[in-house]
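[1] Give me coordinates for this.
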Amino acid sequence: MAFFGLFGKKEKQQLDAGLDRSRTSLFGKLARAIAGKTSVDDEVLDALEETLVTSDVGVATTLKIIDRIQDRVKCDGYVGTKELNGILREEIAGLMHDPTGVEEPFTVTGAKPHVIMVVGVNGVGKTTTIGKLAHAYKQAGNAVLLGAADTFRAAAVDQLKIWSERVGVPLVQQGMGADPAAVAYDTVESAKARQVDVVIIDTAGRLHNKVNLMNELTKVKQVMRKVIPDAPHEVLLVLDASTGQNAIEQAKEFTKATQVNGLVLTKLDGTAKGGVAIGISDQFQVPIKYLGVGEGIGDLQVFDKHAFTESLFGQN
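    Reported below is the predicted structural model:
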């Protein structure tokens, strides 16, 4: 059995299990699309297009995949349906973007503190993701500090406090109703004074169609830069895979509003819409950095496009 990148046996099995529903759905549709066919003709391509669109890959990315397969069929002269899975897998992997610098994940090699701002709408698993990130960085030997800048909901601060205690990392908070930018400022200032390695800032779970709330993300970034000029070093957008095309719409709005340079896709283990990862990675040219494949503190995987594609297609 082959494993890819940073994946060991446990991680690969966990990813396989997380993508089980997506794999079953995709292959059920694909099997029906090519039933009785011996070659990839226009009818098969039309059926494949419908399969990918209904698997939440997205129209734009689906058309790109179909075009690439058409080019290969023309080039090779004849492609049988038995070869289609392999070609499809290769083309999908070619469209996805791996994060850079993951040879040693959760290792801070640049200036410290390394500041991560986490954004996303309510309910996508943002606070849980922050807790998992904090755990992973701490396990790698880093001193971590959390900032509770989601001050619009008391529950958000409380949830982050629970995670900070669970992971065993300190939390900067001012409570509900405080100025988010002020919390972010205090957090990075405290991190600098304490010589902390990693700072993770939570932000409000904004509705992606509220421009005024989006503008606040810019304010938070500007305030942090008064302490650390190049902060934040990462802006991670957390998306819920189970929302399918709505996740793509959220990505569209957030990438307009702020310089998102990494994506976290959560709740893969509870949905048949794992195909959305393909469309998001391709359309926004922003790498998926992490996958949430469970509720446990260690259930956060560094994204590897080859491992993901192999799991989606059930290949070992």
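
[2] Start and end of stretch 36-43, how far apart?
    Using Cα to Cα, to the nearest Å, the end-to-end distance of stretch 36-43 comes to 12 Å.

[3] model confidence over that stretch, on average?
    Across stretch 36-43, pLDDT averages out at 80.

[4] chain center to it: distance?
    Remark: stretch 36-43 is offset 35 Å from the chain centroid, using Cα atoms, centre = their mean, to the nearest Å.

[5] Would you mind listing the buried residues in that stretch?
    Val40 (16 or more other Cβ atoms under 10 Å). Every C-beta, even on glycine, is put in place using the N, C-alpha and C of the backbone.

[6] where does the stretch 1-150 of the chain dip in pLDDT?
    For the stretch 1-150 of the chain, applying pLDDT under 70 flags the ranges 1-8, 78, 99-103.

[7] what's around Asp186, how many residues?
    Asp186: 19 surrounding residues under other Cβ atoms under 10 Å.

[8] Name all residues that make contact with it.
    Counting by Cβ atoms under 8 Å, 6 or more residues apart in numbering, Asp186 makes contact with 147, 172, 174.

[9] Can you tell me which of the residues you listed comes closest to Val73?
    Nearest to Val73, judged by Cβ to Cβ, of those is Gly147 at 52.6 Å.

[10] follow-up on the earlier one: most surrounded residue in the contacts of Asp186?
    Gly147 (31 neighbours).

[11] Glu295: what's its closest spatial neighbour, skipping adjacent residues?
    Nearest residue to Glu295, sequence neighbours excluded (Cβ to Cβ, 6 or more residues apart in numbering): Thr128, at 7.1 Å.

[12] burial measure for Asp46, as a count.
    12.

[13] could you measure it against Ala33, distance?
    Counting by Cβ to Cβ, to the nearest Å, the gap from Asp46 to Ala33 is 9 Å.

[14] got JSON lines for the contacts of Asp186, with distance to Ala184 and secondary structure too?
    Shown next, in JSON lines, are those (distance: Cβ to Cβ, whole Å; DSSP: H, G, I helix; E, B strand; the rest coil):
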{"residue": "Gly147", "distance to Ala184": "6", "secondary structure": "strand"}
{"residue": "Val172", "distance to Ala184": "9", "secondary structure": "strand"}
{"residue": "Gln174", "distance to Ala184": "10", "secondary structure": "coil"}
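
[15] Pipe the residues you listed into a markdown table and attach distance to Gly314 per row.
    Formatted as a markdown table, the contacts of Asp186 follow (distance: Cβ to Cβ, whole Å):
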| residue | distance to Gly314 |
| --- | --- |
| Gly147 | 41 |
| Val172 | 45 |
| Gln174 | 49 |
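
[16] Of these, just say which sits nearest to Ser242.
    Gly147 (27.6 Å).

[17] For His233, see how far away the closest one is.
    14 Å.

[18] likewise His135?
    Counting by Cβ to Cβ, the gap from His135 to His233 is 19 Å.

[19] just checking, next helix/strand downstream of the top helix by length along the chain?
    As assigned by DSSP state H, the longest helix anywhere in the chain is helix 59-76. From helix 59-76 onward toward the C-terminus, using DSSP states H and E, the following helix or strand is helix 81-95.

[20] so where do the strands sit in the stretch 1-150 of the chain?
    114-119, 144-149 (DSSP state E, counting those that start in this stretch).

[21] who's in contact with the last one?
    Taking contacts as Cβ under 8 Å, 6+ apart, the residues outside strand 144-149 that touch it are 113, 130, 134, 137-138, 156-157, 160-161, 163-164, 167, 169-174, 180-181, 183-184, 186-188, 190-191, 194, 196-204, 220.

[22] and if you look at the first one?
    The set of residues that contact strand 114-119 without belonging to it, under Cβ under 8 Å, 6+ apart, is 108, 126, 129-130, 133, 184, 188, 191, 197-203, 206, 217, 220-221, 224, 228, 231-238, 254, 258, 260, 264.

[23] Which of the residues you listed fall in helices?
    Short answer: these in helices (DSSP H) are 126, 129-130, 133, 184, 188, 191, 217, 220-221, 224, 254.

[24] so which two of those are the farthest from each other?
    Ala191 and Phe254 (24.4 Å).

[25] who has more neighbours, the two?
    Ala191 (29 against 24).

[26] Tell me the pLDDT of that one.
    Taking Ala191 on its own, its pLDDT is 96.

[27] Wait, it touches Pro113, no?
    Yes - using Cβ atoms under 8 Å, Ala191 is in contact with Pro113, at 4.3 Å.
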